[in-house]
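1. This is a predicted model, with the sequence first.
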2 protein chains.
Amino acid sequence: MSQDRVEHAAEAIHGAAIRLLRSLRQVDNASGIPGAQLSALSVLVYAGPKTLGALAEAEQVKPPTMSQTVAQLEAQGLVTRRPLDRRSMLIAVTEKGRKLMEAGSRRRLALLTDALEGLPASKLAVLEEAALIMSAAATRKP
Amino acid sequence: MSQDRVEHAAEAIHGAAIRLLRSLRQVDNASGIPGAQLSALSVLVYAGPKTLGALAEAEQVKPPTMSQTVAQLEAQGLVTRRPLDRRSMLIAVTEKGRKLMEAGSRRRLALLTDALEGLPASKLAVLEEAALIMSAAATRKP
DNA sequence: TCACACTGTTAGGATACCTAACAATATCGC
DNA sequence: GCGATATTGTTAGGTATCCTAACAGTGTGA
């Protein structure tokens, strides 16, 4: 494969991801819960309770960062911590947390769903395939 | 188009973009220039000199944010400001800035280019198309 | 049992954003 | 011309997200 072609595709995806997330942040600012908190919450909703370390890893973030995020979530009553042994704990989403996550997620995704609304199934398939490739790149070890 | 299908594609792209940018930030931390500065620099390289306001708009950021970013870039000798009239100025990349941007961009994109290396042209086309759709969603007015 | 590994927190700092409030300059209506 | 208004950028102050370094407590295995 031509190196130029690969670089062009990489730049295109890179730029698009940056622009997209900047727009999404504006949605977050306008209303509701911050992005990092929402993201952690959604991991807990979809993957079930996790220890802090596991949650940090799932979010590609260091433990101190997640410690802070969880503290914020707990202060709002969106998650609970249950001791597992005397140093680790299971973090689980509360009912309130689940509802807030669903509302926030819908709002955040509205920007995308609106833009995708009129697209034919073939284009949606293109996006889903691209998402897979992007995720693979993201989880790749350097 | 089925609403479920649209939402699925939206979630897929959303999650992929988040994971991708978190990985890229780790690349930035490891070496080189911070992401926002690199991004602004690359706009100047590809689109030519711009006023601060235009640069802020291109980066989907408010003027005070860009004012700060440009100050950092200028302090490192990566851009110059040339007065246009007595309140506005043209910001242009220097030779040093251009070189640094190219090196940083290559490093940052290496994660993506490595992942894309073995893909056939048809998959690259898929990514490029997805990038267009994502960018359109990002620039859409809410 | 006791050194070492594991899990999470605290402290301190960087980056990247924002809004509000300003200062200075340009422009337009009269 | 000239004053009201619009435009352009900066300063000040604040928030969110992330990091590394250092630490405290808890489990575990030689």
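-> Sure, I can see it. All values reported here derive from a predicted model rather than from experimental measurement. Numbers count the residues shown, from 1 in each chain, chains lettered A, B, ... in the order given.
2. Give the rounded mean pLDDT of whichever helix in chain A runs longest.
-> As assigned by DSSP state H, the longest helix anywhere in chain A is helix A:3-30. For helix A:3-30, mean pLDDT rounds to 83.
3. For that helix, buried residues please.
-> A:6-21, A:23-24, A:27-28 (16 or more other CB atoms under 10 Å in any protein chain shown). Placement of C-beta: from N, CA and C, glycine included.
4. For the helix or strand following that helix, name the packing helices and strands.
-> Counting by DSSP states H and E, the next helix or strand C-terminal to helix A:3-30 is helix A:35-47. Helix A:35-47 is packed against helix A:3-30, helix A:52-58, helix A:63-75, strand A:89-93, helix A:95-116, with contacts defined by 3 or more CB pairs under 8 Å, 6 or more residues apart in numbering or on different chains; DSSP states H and E.
5. Let me see the contact set for the residue of chain A found nearest DNA strand D.
-> Nearest residue of chain A to DNA strand D (CB to the nearest atom of the strand) works out as A:Pro34 at 2.8 Å. With contacts defined as CB atoms under 8 Å, 6 or more residues apart in numbering or on different chains, the neighbours of A:Pro34 are A:Asp28.
6. and the longest helix of chain A with chain B, contact?
-> Yes - residues of helix A:3-30 are located near chain B by CB under 8 Å from any CB of the partner chain, namely A:5-24, A:26-27.
7. got the contact list for the residue positioned nearest the centre of chain A?
-> With distances taken as CA atoms, centre = their mean, A:Ser39 lies nearest the centre of chain A, 3.9 Å away. Shown in contact with A:Ser39 (CB under 8 Å, 6+ apart): A:59, B:18.
8. I'd say A:Leu84 and A:Ala92 touch.
-> No - the pair A:Leu84 / A:Ala92 is not scored as a contact, 11.2 Å apart, by CB atoms under 8 Å.
9. More neighbours: which of these two?
-> A:Ala92 (15 against 12; other CB atoms under 10 Å in any protein chain shown).
10. worst-scoring helix or strand of chain A, pLDDT-wise?
-> For chain A, the helix or strand with the lowest mean confidence is helix A:3-30, at a mean of 83 (criterion: mean pLDDT, DSSP states H and E).
11. Report the inter-axis angle for that helix versus helix A:35-47.
-> Counting by axes from the mean of the first three to the mean of the last three CA atoms, to 10 degrees, helix A:3-30 lies at 100 degrees to helix A:35-47.
12. Please name every helix or strand in contact with helix A:3-30.
-> Using 3+ CB pairs under 8 Å, 6+ apart, helix A:3-30 sits against helix A:35-47, helix A:95-116, helix A:121-139, helix B:3-30, helix B:95-116, helix B:121-139.
13. can we see that at 10 Å?
-> In terms of contacts (3 or more CB pairs under 10 Å, 6 or more residues apart in numbering or on different chains; DSSP states H and E), helix A:3-30 is packed against helix A:35-47, helix A:95-116, helix A:121-139, helix B:3-30, helix B:35-47, helix B:95-116, helix B:121-139.
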